[in-house]
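S.K.: after the sequence you'll find the predicted model.
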Amino acid sequence: MSNNSQALSLLVPPNSFGNVLILLLNVLLAMAIVCLNTSVCLCILLNRALRRENRFMYMLSSCLSDVCTGVSYFYVGVFDVTDSFDSPTRTFHIVPTFLGLSFMAILAAQADRYHAVVSPLKYAQRMTRNRTLGVIAAYWVYAFFIVAVTNMVRSNTARLIAGYGSFIGNIFAVIIMIGLNIRLFIIAKFQLEKEPPSEERENKRSSVHLVLVVAALFLGGWLPLLCHTLSCSFTVCYSFKNEGTNPFRILPRVNASLTPAMYIRGCKGLREMLLTQVRRGCCRRGTRRRR
């Protein structure tokens, strides 16, 4: 019992203003991640028109993984928890996997938008809704397959798998998020200038702008962690107490709260759906109070 109580002690004891502030910020960040991503998930699930578009399927995937990230942050960000291979409070690498799923969802969404802009006719033929769902299911299965493998092998082998996985992920992130987005912006701008003014043109423009904003936030939240991970593979790095005191781990979670806010801000259909649900909820509360 004593070991368990020590293992689940708070990240920092609430004996000073600074410690209380750290705990409050971590709790508020976890709540923001859960609330914002849950709102986007519900809006997409309740609207059939949104579910028909591939981009919203990727939004749903990233938001679902971020909901799990927010829920798990109440554990790894508030309590004194480490996810090392020999830690008694480890999560068997499930918590970092939720962050990785959000990482892969945004990368897949970027590649999908690039394909849609560069080859719109071929994209409509190739990327049907079922194939899009197949891509999403594939990286979810892959992520948890890696989790299962790392938990079944020895710790040294698991570290090698994690190291190679991080290295490959960094390469894909740089190529897709920087290279493809620069080319996407140039191609989309050239194509949109040729089209006559219309509502469809504005929807395409807002979609491309949304992709670029999400990509910029993604790079700002993830690049420091990716660079830190790579540098620690070759040198000895400072070890933080846990996820809640590690700024390199906090930044991707801040990104997990900003991304759904950008989805709501940049997508008219999603924003209207959210406002409709809020109004319905307010009307129901008003009717109950009158009764």
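M.R.: That came in fine, so what should we check first?

S.K.: distance of the residue nearest to the spatial centre of the chain relative to Ser206?
M.R.: In the chain, the C-alpha nearest the mean C-alpha coordinate belongs to Ser102, at 3.3 Å (C-alpha atoms, centre = their mean). Distance, Ser102 to Ser206, using C-beta to C-beta, to the nearest Å: 22 Å. All C-beta atoms are positioned from the backbone trio N, CA, C, and that covers glycine.

S.K.: Val236 now?
M.R.: To Ser206, Val236 is 46 Å away according to C-beta to C-beta.

S.K.: what lies in contact with stretch 58-67?
M.R.: Residues from elsewhere that reach stretch 58-67 (C-beta atoms under 8 Å, 6 or more residues apart in numbering): 33-34, 37-38, 40-41, 44-45, 51, 98-99, 101-102, 105-106, 108-109, 112, 132, 136, 140, 256, 259-260, 263, 270.

S.K.: ok, back up a step: neighbour-wise, which of Val236 and Ser206 wins?
M.R.: Ser206 (13 against 6; other C-beta atoms under 10 Å).

S.K.: which other helices and strands contact the helix or strand harbouring that one?
M.R.: Using DSSP states H and E, Ser206 maps to helix 199-234. Applying 3 or more C-beta pairs under 8 Å, 6 or more residues apart in numbering; DSSP states H and E, one finds that helix 199-234 makes contact with helix 94-118, helix 155-174, helix 181-194, helix 247-266.

S.K.: rerun at 6 Å
M.R.: The contact analysis (3 or more C-beta pairs under 6 Å, 6 or more residues apart in numbering; DSSP states H and E) places helix 199-234 against helix 155-174, helix 181-194, helix 247-266.

S.K.: so how many other residues sit close to Ser87?
M.R.: 12.

S.K.: repeat that for Val40.
M.R.: Residues near Val40, counting by other C-beta under 10 Å, number 26.

S.K.: over to Ala30?
M.R.: 24.

S.K.: need the contact list for it.
M.R.: Remark: with contacts taken as C-beta atoms under 6 Å, 6 or more residues apart in numbering, Ala30 is in contact with Gly70, Tyr73, Phe74.

S.K.: for the helix or strand where Ala124 lies, what is the average pLDDT?
M.R.: Following DSSP H and E, one finds Ala124 within helix 120-126. The average pLDDT for helix 120-126 rounds to 86.

S.K.: run through who's touching that helix.
M.R.: If you take C-beta under 6 Å, 6+ apart as the criterion, helix 120-126 is touched by His115, Ala116.
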